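1. this one's structure only:
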């Protein structure tokens, strides 16, 4: 299957700082990338959908000013958690797909805000 | 958006047993996938199966699109099969069920 690389795998940051997470499709061009959030022992919750060159579409209840998504190319999307607070601590996972085909997921990023 | 329901939520098996996991959808989907989430959080793609039946080793999956459900079969389970199994369906965005936590005892 296709390879999606997410970086970093884990990060610890101080409250009030910003953190950037990268998601790259290594061997295919992704028309769409998705960002999910997962709390312990829960399912994946879709945060936003991004298409290359256009603004991300956020799910209801997700603050677009808090979670900035940039999809600069067909192989790279970034999620920036701005002014992070302890309640933003979570597991963030990206996925990449070509339209109407199988989605592949990154390894995930465990964010801890102290 | 669509709702995805998985059952059972928890399943405990003895090594060597067979099991069936089910996924129901509230509406038709044009994409359906099964995943296994390992202890480190990585989602492993098991099947991309909008319809029909596929097999991969001890695992197989069947999707009956007209009735809006999919089944994942695990035969001769091993302790390494333990973990959480998710199904996800899409009409555009991939929406996940709550998962089935499988524990296989030696």
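-> That came through fine. What you are looking at is a predicted structure, and each value in this text was computed from that prediction instead of being measured.
2. what pLDDT does the residue nearest to residue A:79 when sequence neighbours are not counted get?
-> With C-beta to C-beta, 6 or more residues apart in numbering or on different chains as the criterion, residue A:79 has its nearest non-adjacent residue at 4.6 Å, and that residue is residue A:21. Just so you know, the C-beta spots here come from the backbone N, C-alpha and C atoms, and that holds for glycine as well. The model reports residue A:21 with a pLDDT of 98.
3. dump the residue contacts of residue A:21.
-> Counting by C-beta atoms under 8 Å, 6 or more residues apart in numbering or on different chains, residue A:21 touches A:6, A:7, A:8, A:11, A:78, A:79, A:80, A:81, A:92, A:94, A:109, A:111.
4. how near is it to chain B?
-> Distance from residue A:21 to chain B, counting by C-beta to the nearest C-beta, to the nearest Å: 14 Å.
5. So that residue, which state does it fall into?
-> For residue A:21, the reduced secondary structure class is strand; criterion used: DSSP: H, G, I helix; E, B strand; the rest coil.
6. quick one: it from residue A:36, how far?
-> With distances defined as C-beta to C-beta, to the nearest Å, the gap from residue A:21 to residue A:36 amounts to 12 Å.
7. hey, what's in contact with both of the two?
-> A:92, A:94.
8. List, one by one, the residues from chain A near chain B.
-> Within chain A, the positions adjacent to chain B are A:1, A:34, A:36, A:38, A:42-46, A:49, A:91, A:93, A:95, A:97, A:100-105, A:107-108, A:110 by C-beta under 8 Å from any C-beta of the partner chain.
9. quick one: the helix or strand bottoming out on mean pLDDT in chain B to chain centroid distance?
-> Among the helices and strands of chain B, strand B:94-96 carries the lowest confidence by mean pLDDT, DSSP states H and E, at a mean of 94. In terms of C-alpha atoms, centre = their mean, to the nearest Å, the gap separating the centre of strand B:94-96 from the centre of its chain is 12 Å.
10. Please apply the same query to stretch B:32-42.
-> Its chain's C-alpha centre lies 9 Å from the corresponding centre of stretch B:32-42 when counted by C-alpha atoms, centre = their mean.
11. same check, this time on stretch B:49-62
-> In terms of C-alpha atoms, centre = their mean, the gap separating the centre of stretch B:49-62 from the centre of its chain is 10 Å.
12. Name the residues of that stretch that are buried.
-> Of the residues in stretch B:49-62, B:49, B:50, B:59, B:60, B:61, B:62 count as buried by neighbour count, 16 or more other C-beta atoms under 10 Å in any protein chain shown.
13. Which members of those are the farthest-apart pair?
-> Comparing every pair within these by C-beta to C-beta identifies B:50 and B:59 as the most remote, at 17.2 Å.
14. Helices of chain A, start to end?
-> Using DSSP state H, no helices are found in chain A.
15. residue nearest the centroid of it?
-> Within chain A, one residue has its C-alpha closest to the average C-alpha position: by C-alpha atoms, centre = their mean, that is residue A:35, at 3.8 Å.
16. these two touch, right, that residue and residue A:90?
-> No. At 11.4 Å, residue A:35 does not count as touching residue A:90 under the criterion of C-beta atoms under 8 Å.
17. hey, what's residue B:24 bridged with?
-> The residues listed as beta-bridge partners of residue B:24 by DSSP bridges are residue B:5, residue B:69.
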